[in-house]
Every structure is written in structure tokens, then in C-alpha cells.
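Participant: Would you be able to build a 3D model of this:
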Amino acid sequence: MNRLIRMSVLASGSTGNATYVESDKGSLLVDAGLTGKKIEGLFDQIDKDIKDVNGVLVTHEHSDHIKGLGVIARKYGLPIYANEKTWSEIEKKDSRIPMDQKFIFNPYETKSIAGFDIESFNVSHDAVDPQFYVFHNNYKKFTILTDTGYVSDRMKGIIRGSDAYIFESNHDVDLLRMCRYPWKTKQRILSDVGHVSNEDAGLAMSDVITRNTKRIYLSHLSQDNNMKDLARMSVGQVLNEKDIDTEKEVLLCDTDKAQPTPIYTL
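Facilitator: Predicted structure coming up:
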């Protein structure tokens, strides 16, 4: 079989996040931020069976990333991977995940799971030890990066040249400043441990896109301070100004809080 990477963003947004990633040797779920029932329904929509998944990778302990983790772990007996500090926070919220299903995957480690070599790396977010992942399979490279206040040079070095990205494009700065949120919440989102704006997402992407890059899934959009069309337009404008063609070279793809993206083969 061809050693390929297949993926679907099952759900993405401030209400819940989950991503399906598959190789010719197995598959993984990254985050389980919806109810167990909703996650099962999303798997049905992409014609996959969650029972076949080889494990769950956790990025951090916020509820929109772990809401259904305990239910899924117990119902299907899946191995769960998270770093030590994140595990300590997960256990405060749900102490019933069986010990033999808990595996440590610390930042800047590489683990071979389900046919992938997976790199973990820290991001800048107000969780205890947030980390995201780069999937390698043969010559293909796939990056998931959301929930960060900014994209550092170190992050850029790790993720540069991926064939596809799931990349945070959380908010429009003007919409956020005018919205009904308390000022403290606005400050948190705009801070270095908050979320990346549309414009900053475009600027960061312009530094990591190479000839290999074919798709960027704009993700973790705020339901109050962003819109799919606005995110795509804003990011596209920045990339076009950097001479990156978003019609012929790199496709900007929408994600949804309740509908999975079609399975894409890198």
C-alpha cells in the first residue's frame, strides 16, 4: 500500500475540536472536545469506525479539546497520549480513565504510533503545558497547530514545509474589539497566550509554506468574532501580498464546528 496520510477535521471551533488522521497502518484521533455521542456521529459521517482507532492524542486540557475524552476512553478502551502536566489536569476533571490506557507523550518527543512518526511541540496558550503535533509518513508531513497566541520562530522551524496544515485563524481583531465580551476576555484572546487572529495566521503561514504545501484548513474560528468567508478573505489577502497564490498553489479550506471536512489524502 502507498504510505499516505489521510485526514478529516471532524469539528473545529470554540465549542469543540477533533481531528481524524489515518495512515496505511492505523488511525488516530487528535482531541475529543465534543460529547462521545457527537464524536461517534462525526465518525459515521466520514464512514469510519471509532473502534478501529489506535489512540487519542491530547493537545491540552481545555474542555473544547477533552470534553468527550473520558467517555471515549472507557467505552472503546483506547490508548490516550498526553504530556505529564496535561495528565495532571485531566485527572482533576476525570479520574476514571484506566491507568493502562494512559500514556505519556511529552513536548519535543517523537513517537511512532499507527504508522506515523509524530513530533510534539509546545505552543503559547493559557493551559498548563499545551502541545501540538506534526505527523510524518514517508515523505509526507502534516501539521496541526491551533490554540496559540503567536507562532514563534521555533514553531515555524518545526512545522515548515508541511503538505497540509490545520492552522488557527481564530478571530478578526476589529470584530473582537467591538464585541460584547468583557474587556478581560478580550485581553486574554489578544494576548501571547490567547489565540491567533486571521491576519497573524496569514503572516505566520507565509513563513512556513513551501512548494510542498497544498492545503491549509482554517480552524478554531470564534463563533462570535469571525466568519468563514472573512477568515478565508483575510488570510488569502495576506498570502497574496506575499506572492502566494491561494487559487492555484495553496488551497484555503473551511472547517466547521459540527460538520467534518471530506477525507483528504496528502
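
Participant: can you pull out the strands in the protein?
Facilitator: Secondary structure of the chain (DSSP state E): strands located at 6-11, 18-22, 27-30, 56-57, 80-82, 102-104, 110-113, 116-122, 131-137, 140-145, 164-168, 215-219, 251-253, 264-265.

Participant: Any chance you could list what contacts the fifth one?
Facilitator: Okay, so that is strand 80-82. 55-58, 69, 73, 90, 97, 101-105, 111, 113 (CB atoms under 8 Å, 6 or more residues apart in numbering). C-betas here are computed from N, CA, C, even on glycine.

Participant: one more time with 10 Å, if that's ok
Facilitator: Strand 80-82 is contacted by residues 28-30, 32, 55-61, 66, 69-70, 72-73, 87-90, 97-98, 101-106, 111, 113, 118, 120, 129, 131, 133 when judged by CB atoms under 10 Å, 6 or more residues apart in numbering.

Participant: Can you pull out the low-pLDDT segments for the stretch 1-150 of the chain?
Facilitator: Low-confidence segments of the stretch 1-150 of the chain, defined by pLDDT under 70: 1-2.

Participant: Could you find the closest non-adjacent residue to G13?
Facilitator: Of all residues not flanking G13 in the chain, K257 sits nearest, at 3.6 Å (CB to CB, 6 or more residues apart in numbering).

Participant: cool, I90 as well?
Facilitator: Computed as CB to CB, 6+ apart, the closest residue to I90 that is not its neighbour in sequence is E61, at 5.5 Å.

Participant: ok so, going back, wait, doesn't the residue nearest to G13 sit right on N17?
Facilitator: Yes. K257 is within contact range of N17, at 8.8 Å (criterion: CB atoms under 10 Å).

Participant: Check the spacing between D52 and S234 real quick.
Facilitator: Distance of D52 to S234, given as CB to CB, to the nearest Å: 38 Å.

Participant: and the residue nearest to G13, what are its phi and psi?
Facilitator: With angles defined as degrees, to the nearest 10, K257 sits at phi -80, psi -10.

Participant: What separation do you get for it and L176?
Facilitator: For K257, the distance to L176 equals 18 Å [CB to CB].
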